[in-house]
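**Student:** Fold the following for me, if possible:
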Amino acid sequence: MSLQRAITAAGLLILATLIGTILVRKRYRTCYSFLAYLVAVLASDALIFFWPSRFFTWDFWLFKESVHNLLKFAVALELGVRTFRAFPGANATARRLLLFVLVLTYVAVVAVPTGRPEYSVLAAQIQPRILNGTIWVFASQAALILWYRLPLDLFHKAILMGFVPYLLIFSLAMNTLNALGWKQEVNELQSYTQTSAYDLLLLYWLRSAL
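**Tutor:** Numbering: from 1, shown residues only. So this is what the prediction gives:
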């Protein structure tokens, strides 16, 4: 087994353990969309791992990334609703800030100069812009929580504090690929970095869920 497959296999095992822990300890009640996100990641990664000839394709990559992005936005929205709904002033600010980030992300995506996006354009330009929008949603929520000194569920805090640094690492890796070109050796290094960082993130969430 190659190093990359070993790291991926370890991630699948940790992810399955995390999902099981969340179900047993009923942590899903604190954020239903987070469980949905984890299940989607496990399903897509397992398909690629066990049947790479069928699912390790641009079509499936685009599909899974779109689903994951939607679910990450759903996690951010649910965390925001649960955190800010009891605080009218903070809630109003959070809504305005969320709307601003969503509009900015939409403008950045539609500004990509292409008529019918090819996979290379989606990977190199559109996905990083969506990723940046996701980072700003989570980061802005964290900033507002600190600014208003709001009480935060410990598992919510773990989700929020886990997503922000990981997504920053992912964004940096994508930008590096765009700058250096999608060469095989660069792509492999990016894959090692991203997969290792995600395994560490899963371990952090697992520890928080126990």
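**Student:** drop to CA atoms for contacts and neighbour counts, all remaining ones
**Tutor:** Noted.
**Student:** quick one, what contacts the residue nearest to the spatial centre of the chain?
**Tutor:** In the chain, the residue lying closest to the centroid (Cα atoms, centre = their mean) is Lys72, at 5.3 Å. Residues near Lys72 by Cα atoms under 8 Å, 6 or more residues apart in numbering: 34, 37, 134.
**Student:** Out of those residues, which sit inside helices?
**Tutor:** Taking DSSP state H, the ones among the contacts of Lys72 that sit in helices are 34, 37, 134.
**Student:** Just the helices from this protein, written as ranges.
**Tutor:** In the chain, the helices defined using DSSP H lie at 3-24, 32-50, 52-55, 58-84, 88-110, 119-121, 127-148, 154-180, 184-209.
**Student:** Please identify the buried residues of the third one?
**Tutor:** This means helix 52-55. Buried residues in helix 52-55, counted by 16 or more other Cα atoms under 10 Å: Phe55.
**Student:** for that helix, what is the average pLDDT?
**Tutor:** For helix 52-55, mean pLDDT rounds to 92.
**Student:** if we can go back for a sec, and which of the ones in helices among the contacts of Lys72 is nearest to Arg85?
**Tutor:** Checking these against Arg85 with Cα to Cα, the nearest one is Phe34 at 18.6 Å.
**Student:** so where is the protein shaky, pLDDT-wise?
**Tutor:** Within the chain, the segments meeting pLDDT under 70 span 1, 112-125, 173-191.
**Student:** give me that answer again for 80
**Tutor:** 1-4, 58, 108-129, 169-194 (pLDDT under 80).
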